[in-house]
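Trainee: missing the sequence, but the structure's below:
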Ligand SMILES: [Ca+2]
Ligand SMILES: [Ca+2]
Ligand SMILES: [Zn+2]
Ligand SMILES: [Zn+2]
């Protein structure tokens, strides 16, 4: 894993953990600019924005991990997004996949896609490089959250919860 | 046009106008719930949320018209979205198209798609009913804005501005 990936993944996981500890949906994300090559041909990656799902904390249906990271990064010119990677702890939903496509972010690193699989195929068909890490901590955080707060999870992905076992 | 459409389109256009007058990107949107049929079989539509693009006003890259309307509507159960229509003055970008798909909003009414054409085909392929009105006021507001503030417009859609004529 290169330096940009270490920075981005670490920030995304830290935000997922923070959101879990705050009682929120534990999905974090980060946007990292690849940087300009220096005299040695090495680029210094820069963390542009980071954030986590805020459905519960801010009663917001649009603040997912990825959109929160984009919000945190603020207004950017098209060229910056086109030389950046989005990191997210969970496979992105349609809205967040669409945000990656809107800003033509060329590379997306996903912590896991076991608990939810978003629009990865669509992203690939539009030329986005999609990398799935199958990260154990990302998987465990989401698994716990879905078991503890199924209603909130299904609301977050626009799904009708399955009948609970006690009904 | 039925009553839901009159309410939704009016709110969306009013928000687009307000954003233009505030110096912002003049795109407005509204989410209207279709309502439950009463004893006469007539439903009372309800305006759930409304808003406009806030890139310039709030320095936000994620507050487009449609996402602002969703934010204004707040947290909703999946069933509500599935019986609602999204109204927007301009054809939706990938992010806002994705938001419609995430929440499985079944119907999308678009003011115009001349100044920008978003992911209408993708939405249709996912089963969304997409209606384009070719509304004269929506077209004129966007045409004026793009002519006056091309840099801001291209930033909003993640595009690199074409070289200006004076260069
Ligand atoms: Ca920041
Ligand atoms: Ca409201
Ligand atoms: Zn999302
Ligand atoms: Zn949009």
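Mentor: Received the coordinates, thanks. Everything quoted here is computed from the prediction, not taken from an experiment. Ligands and ions are numbered 1, 2, ... in the order given.
Trainee: Around ligand 3, pick out the residues from chain A.
Mentor: Residues of chain A lying near ligand 3 by CB under 5 Å from the ion: A:64, A:93, A:95-96. Any C-beta I mention is one placed from the backbone N, CA and C, and that applies to glycine too.
Trainee: Residue of chain A closest to chain B, please.
Mentor: residue A:98 (2.6 Å; CB to the nearest CB).
Trainee: follow-up on the earlier one: and of the residues of chain A next to ligand 3, the nearest to ligand 4?
Mentor: Set against ligand 4, the nearest of the residues of chain A next to ligand 3 by CB to the ion is residue A:95 (9.9 Å).
Trainee: Distance check, the closest one against residue B:155.
Mentor: 20 Å (CB to CB, to the nearest Å).
Trainee: quick one, which of these two is more surrounded?
Mentor: For residue A:95 versus residue B:155, the count of surrounding residues by other CB atoms under 10 Å in any protein chain shown is larger for residue A:95: 29 against 21.
Trainee: Beta-bridge partners for the residue nearest the centre of chain A, please?
Mentor: Nearest residue to the geometric centre of chain A (CA atoms, centre = their mean): residue A:88, 2.5 Å. Beta-bridge pairing of residue A:88 under DSSP bridges involves residue A:29, residue A:110.
Trainee: for it, what are its contacts?
Mentor: By CB atoms under 8 Å, 6 or more residues apart in numbering or on different chains, the contact list for residue A:88 reads A:12, A:27-29, A:65-66, A:69, A:96, A:108-111.
Trainee: Out of these, the closest to residue B:127 would be?
Mentor: Taking CB to CB as the measure, residue B:127 lies nearest residue A:96 of the contacts of residue A:88, at 20.2 Å.
Trainee: residues in contact with the closest one?
Mentor: A:29, A:64-67, A:88, A:118, B:98.
Trainee: Doesn't it lie inside a helix?
Mentor: Yes: checked against DSSP: H, G, I helix; E, B strand; the rest coil, residue A:96 lies within a helix.
Trainee: ok, it to residue A:19 distance?
Mentor: 15 Å.
Trainee: And the residue nearest to the centre of chain A, how close does it get to residue B:112?
Mentor: Taken as CB to CB, the span from residue A:88 to residue B:112 is 33 Å.
Trainee: repeat for residue A:55
Mentor: Separation of residue A:55 from residue B:112 (CB to CB): 32 Å.
Trainee: Have a look at these two and say which one is more surrounded.
Mentor: residue B:112 (23 against 20).
Trainee: residues in chain A within reach of chain B, list them.
Mentor: Of all the residues in chain A, those in contact range of chain B (CB under 8 Å from any CB of the partner chain) are A:55, A:59-62, A:67, A:70-71, A:73-79, A:81, A:93-99, A:101-104, A:119, A:122, A:154-155, A:157-160.
Trainee: Would you state the helices of chain A in chain order?
Mentor: A:3-21, A:55-58, A:65-73, A:78-81, A:94-102, A:120-125, A:136-148, A:150-156 (DSSP state H).
Trainee: Redo those helices as CSV? Include distance to residue B:49.
Mentor: Compiled in CSV, these are given as follows (distance: least, CB to CB, whole Å):
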stretch, distance to residue B:49
helix A:3-21, 24
helix A:55-58, 15
helix A:65-73, 16
helix A:78-81, 27
helix A:94-102, 15
helix A:120-125, 26
helix A:136-148, 26
helix A:150-156, 16
